[in-house]
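Asker: Everything below, folded, please.
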Amino acid sequence: MHRPRTAVALVALAVALAAGCAPIETAATQPATTSAAASAPTDAASSGTTAGTAAPDATTPADACTAARAEPRPAAPASLPDGPRTGVVADDAIHPIADAPAPTLPVTVPSEGGEVTVTDTSRIIAVDLYGTLGEIVFSLGLGDQVVGRDASTGFAEAADLPVVTGSGHALQVEALLGLDPTVILADDTILTDATRTQLEDSGVPVVLFDSARTLDGVGPRIEAVATALGVPAAGTDLAERTAQEICVALAGVPEPADAPLVAFLYLRGGNVKLLFGPGSGADELLAAIGAQDAGTAIDLGREYAPVTSEALIAAAPDAYLVMTGGLESAGGIDAMLAIPGVGQTPAGEARRVIDMDDTDLLTFGPRTAGTISALAAALYGTDAA
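Answerer: Model (predicted):
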């Protein structure tokens, strides 16, 4: 069952698909002051490379984006396929934009209304709820300088690092500080007032970043992290590459005649804990693949909220989107559909449950293009780009 898009979903989709195939805006939102040696930025666009950056292949991401824009978007199937499907990112590896770029320090950057000066990036800890900051640091080519991670930084290149978050992604401050970091990168998705105070009182520079989950925010966040670590040229290059890859992914998303209504459910154990809605990132991601977010459609009014079985039945989503870990904690598809209300919807009756790895789904980092392609392929039953 398909429904007209809401105004919010329509605008988000139009912006993502119309502007997405041009380079996404990557102007840094966190300007910095650096030492005189760093005052003359590298013109990455004219040189094609930066220090420590491998020369581009003969076919660059910009070439691929241009080619993708020249082709019509594929048509979506007349109806969504029945049954569960898993979104799998075709290439889940980290591809650093540079080989251990040398930072220019000290650097002073904005952080939550104030300023923070970073003098040493030899021991980095980057933590947030979704693993975004860790993914950016590794993609900048600074992975060897990372000494700890959050549980959501789940890619293979970071697997051997100590984890500094515990149950419910709670930050373990003593464990973090015990790793002797020289700089901490974080955002408000993982910090409480108490943990923030503890970190700031430690004397270690703590740089806080915007946590918004949007496609337009991917590039600025990459550049802000790079600037804080003294490698702004690498950040510019990585943001541009990411924008072009997102362009290609968006161009390959099937174009449905009507936007399917998808409910992003947060499961833990045998219960639906939350329905995601506007501002959660689920709305942005679903709009990018031509779908309508159920939380937005029912005027949830916030990023996520508890949902009753009656409200879920009334929403009548065409498909469910869940994190793989949450689905496993619920006991699998049959157990999930046995939760009151979940099975009594078009999505439940057709067993249309799309799951995707927790560490890929809402990162909105350098690998976002792969997430878009994998999610679209799972929803429409097509091959990932």
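
Asker: CA only for contacts and neighbour counts going forward, please
Answerer: Will do.

Asker: State the number of residues packed around Asp144.
Answerer: Per other Cα atoms under 10 Å, the neighbour tally for Asp144 reads 14.

Asker: residue contacts, it?
Answerer: Residues counted as contacts of Asp144 (Cα atoms under 8 Å, 6 or more residues apart in numbering) are 100, 138.

Asker: Check Tyr380 too.
Answerer: Counted by Cα under 8 Å, 6+ apart, Tyr380 has contacts 76-77, 80-81, 254.

Asker: Dump those residues to CSV, plus distance to Val218, neighbour count and secondary structure.
Answerer: What follows is these, written out as CSV (distance: Cα to Cα, whole Å; neighbours: other Cα atoms under 10 Å; DSSP: H, G, I helix; E, B strand; the rest coil):
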residue, distance to Val218, neighbour count, secondary structure
Ala76, 27, 19, coil
Pro77, 30, 14, coil
Leu80, 29, 19, coil
Pro81, 31, 17, coil
Pro254, 23, 21, coil
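
Asker: among those residues, which two are most distant?
Answerer: Taking Cα to Cα as the measure, those span a maximum distance of 13.6 Å, between Pro81 and Pro254.

Asker: and of the contacts of Tyr380, the nearest to Glu200?
Answerer: Distance to Glu200, by Cα to Cα, is smallest for Pro254 among the contacts of Tyr380, at 46.8 Å.

Asker: That closest one touches Ala78, doesn't it?
Answerer: No. Pro254 lies out of contact with Ala78 (Cα atoms under 8 Å); the separation is 11.0 Å.

Asker: what residues do those two have in common as contacts?
Answerer: Applying Cα under 8 Å, 6+ apart, one finds that no residue jointly contacts Pro254 and Ala78.

Asker: Could you report the neighbour count for Ala305?
Answerer: Around Ala305 there are 16 residues (other Cα under 10 Å).

Asker: now swap in the one 3 residues further on and tell me
Answerer: For Thr308, the tally of surrounding residues (other Cα under 10 Å) stands at 16.

Asker: Thr368 now?
Answerer: A total of 23 residues lie near Thr368 under the criterion other Cα under 10 Å.

Asker: Could you report the pLDDT at it?
Answerer: At Thr368, the model reports a pLDDT of 97.

Asker: ok so, going back, so which of the contacts of Tyr380 is the closest to Pro96?
Answerer: For these, the nearest to Pro96 is Pro254 (29.4 Å; Cα to Cα).

Asker: Let me see the contact set for the closest one.
Answerer: By Cα under 8 Å, 6+ apart, the residues touching Pro254 are 73-76, 289-290, 376, 380.

Asker: same thing but 10 Å
Answerer: 72-77, 289-290, 373, 376-377, 379-380, 382 (Cα atoms under 10 Å, 6 or more residues apart in numbering).

Asker: next one: Gly203
Answerer: Counting by Cα under 10 Å, 6+ apart, the residues that Gly203 touches are 182-183.

Asker: and if you look at the one 10 residues further on?
Answerer: Arg213 is in contact with 279-285, 362-365, counting by Cα under 10 Å, 6+ apart.

Asker: now do 6 Å
Answerer: If you count contacts by Cα atoms under 6 Å, 6 or more residues apart in numbering, Arg213 has them with Gly281.

Asker: Now do it against Glu240, distance only.
Answerer: Arg213 sits 18 Å away from Glu240, going by Cα to Cα, to the nearest Å.

Asker: same question, Glu328
Answerer: Computed as Cα to Cα, the Glu328 to Glu240 distance reads 36 Å.

Asker: More neighbours: those two, which one.
Answerer: Using other Cα under 10 Å as the criterion, Glu328 and Glu240 rank with Glu240 on top: 23 against 16.

Asker: mind listing the strands for the stretch 151-300 of the chain?
Answerer: Taking DSSP state E, counting those that start in this stretch, the strands of the stretch 151-300 of the chain run over residues 183-187, 206-209, 261-268, 271-276, 292-293.

Asker: looking at those, which is closest to Ala350?
Answerer: Closest approach to Ala350 among the strands of the stretch 151-300 of the chain is made by strand 261-268 (13.0 Å; Cα to Cα).

Asker: and that closest one, what other elements does it pack with?
Answerer: strand 271-276, helix 294-297, strand 319-323, helix 324-330 (3 or more Cα pairs under 6 Å, 6 or more residues apart in numbering; DSSP states H and E).

Asker: Highest mean neighbour count across these, which stretch is it?
Answerer: Most buried of the helices and strands packed on strand 261-268, by mean neighbour count (mean count of other Cα atoms under 10 Å): helix 294-297, with a mean of 26.

Asker: Summarise which helices and strands whichever helix or strand comes after that helix is packed against.
Answerer: Downstream of helix 294-297, the first helix or strand assigned by DSSP states H and E is strand 304-305. Using 3+ Cα pairs under 6 Å, 6+ apart, the elements in contact with strand 304-305 are strand 271-276.

Asker: which residues touch the strand it packs on?
Answerer: Here strand 271-276 makes contact (Cα under 6 Å, 6+ apart) with 264-267, 295, 303-306.
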